[in-house]
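J.: No letters, just coordinates:
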């Protein structure tokens with residue numbers, strides 16, 4: 001089922017969305033923040049963890065994205081050609097900040113457990129995590145499993161019932177790095193819920209690998225939305241089945257193809273690449289840049 005077309009007259013994201021989807025997206029941040037009231041003790045520490053997590057995530061992601069955007073917007077050769085109007089940087093940044101708040105609501109739980117002396121799954125010893133070989137294999141397997149979920153999630157969000165929750169991201173038809181995480185609350189929940197796993201002591205995460213993957217995912221997301229091709233990166237990432245700016249930008253310009261978020265593997269398996277002839281929905285998003 002293809003995504004509903006977005007009318008250029010409905011440039012403002014909320015104007016074309018059903019009321020029920022706006023209610024859900026509007027209520028989720030409140031519900032997630034209020035979940036801290038379920039903490040059995042030290043609720044103040046939970047909300048301090050939420051604040052620290054939000055400032056840390058939003059500050060890090062937005063500052064990095066702003067730097068990448070500043071560098072890339074200086075380039076004259078862009079994937080979608082010269083901009084016809086300025087990029088909506090403030091809107092992109094605001095949506096990314098909201099997504100960071102949702103992520104912080106999940107991050108607050110492992111932080112709260114750690115700060116109250118409770119065990120969490122994050123460990124700094126490879127032996128404690130099961131040994132370096134085991135950790136390496138689990139990490140590789142986890143990347144493929146998580147990417148399969150991200151691909152499935154993305155395709156689900158392009159079905160008619162769920163597209164209202166993803167529509168806002170496609171307002172940024174020719175995005176900048178500031179739009180890399182500019183997704184609505186429900187999509188943010190579907191993307192960032194794995195942060196909760198760190199709060200489970202039995203779910204061991206080897207910290208050096210975990211943080212490397214987080215930094216790598218954020219950095220890759222910057223590149224996917226930066227609007228330009230960096231040929232050395234394209235030649236390096238594509239053979240490794242990692243997503244690239246050239247590959248992902250086609251999703252923003254064509255909408256119903258190239259759903260992969262970290263890898264291109266599932267687009268290849270499910271034949272959802274433009275090279276597979278999936279161009280019949282290329283007009284699904286027709287917003288002007």
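T.: All right, it came through fine. Everything quoted here is computed from the prediction, not taken from an experiment.
J.: List the buried residues of the longest helix along the chain.
T.: In terms of residue count, the longest helix belonging to the chain (DSSP state H) is helix 43-72. By neighbour count, with 16 or more other Cβ atoms under 10 Å as the criterion, the buried positions of helix 43-72 are 45-47, 49-50, 53-54, 57-58, 61-62, 64-65, 68-69, 72. Just so you know, the C-beta spots here come from the backbone N, C-alpha and C atoms, and that holds for glycine as well.
J.: quick one: which of those is nearest to residue 276?
T.: residue 72 (28.6 Å; Cβ to Cβ).
J.: Which residue comes closest to the closest one once chain neighbours are left out?
T.: Sequence neighbours aside, residue 226 is the residue nearest to residue 72 in space, at 4.3 Å (criterion: Cβ to Cβ, 6 or more residues apart in numbering).
J.: got it, and residue 195?
T.: Residue 195's closest residue in space is residue 106 (Cβ to Cβ, 6+ apart), at 3.9 Å.
J.: wait, doesn't residue 222 sit right on residue 63?
T.: No: between residue 222 and residue 63 there is no contact, the gap being 11.2 Å when judged by Cβ atoms under 8 Å.
J.: Do you have the strands of the stretch 151-289 of the chain handy? List them.
T.: Assignment of strands within the stretch 151-289 of the chain using DSSP state E, counting those that start in this stretch yields the ranges 205-206.
J.: And the helices in it, which stretches?
T.: For the stretch 151-289 of the chain, the helices identified by DSSP state H, counting those that start in this stretch occupy 163-170, 185-192, 207-224, 231-237, 245-254, 265-270, in order along the chain.
J.: From the contact counts, what lies against the strand or helix carrying residue 99?
T.: With the criterion set as DSSP states H and E, the secondary-structure element containing residue 99 is helix 89-115. Contact here means 3 or more Cβ pairs under 8 Å, 6 or more residues apart in numbering; DSSP states H and E; on that basis helix 89-115 packs against helix 19-34, helix 43-72, helix 185-192.
J.: And the contacts of the last one?
T.: Applying Cβ atoms under 8 Å, 6 or more residues apart in numbering, the external contacts of helix 185-192 come out as 24-26, 28-29, 32, 98-99, 102-103, 106, 150, 153, 157, 165-166, 169, 183.
J.: do that again at 6 Å, thanks
T.: For helix 185-192, contacts defined as Cβ atoms under 6 Å, 6 or more residues apart in numbering pick out 25, 28-29, 99, 102-103, 106, 153, 165-166.
J.: Please report which of those residues has the highest neighbour count.
T.: residue 102 (28 neighbours; other Cβ atoms under 10 Å).
J.: For residue 128, which of the helices and strands packed on helix 89-115 is the nearest?
T.: Shortest separation from residue 128 across the helices and strands packed on helix 89-115 is recorded for helix 43-72, at 23.4 Å, computed as Cβ to Cβ.
J.: angle of that closest one against helix 245-254?
T.: In terms of direction (axes from the mean of the first three to the mean of the last three Cα atoms, to 10 degrees), helix 43-72 departs from helix 245-254 by 100 degrees.
J.: what sits against the closest residue to residue 109 other than its chain neighbours?
T.: Beyond its immediate neighbours in the sequence, the residue positioned closest to residue 109 (Cβ to Cβ, 6+ apart) is residue 199, lying 4.5 Å away. Neighbour list for residue 199: 109-110, 113, 120 [criterion: Cβ under 6 Å, 6+ apart].
J.: distance of residue 199 from residue 126?
T.: According to Cβ to Cβ, to the nearest Å, residue 199 stands 21 Å off from residue 126.
J.: Great, nothing more from me.
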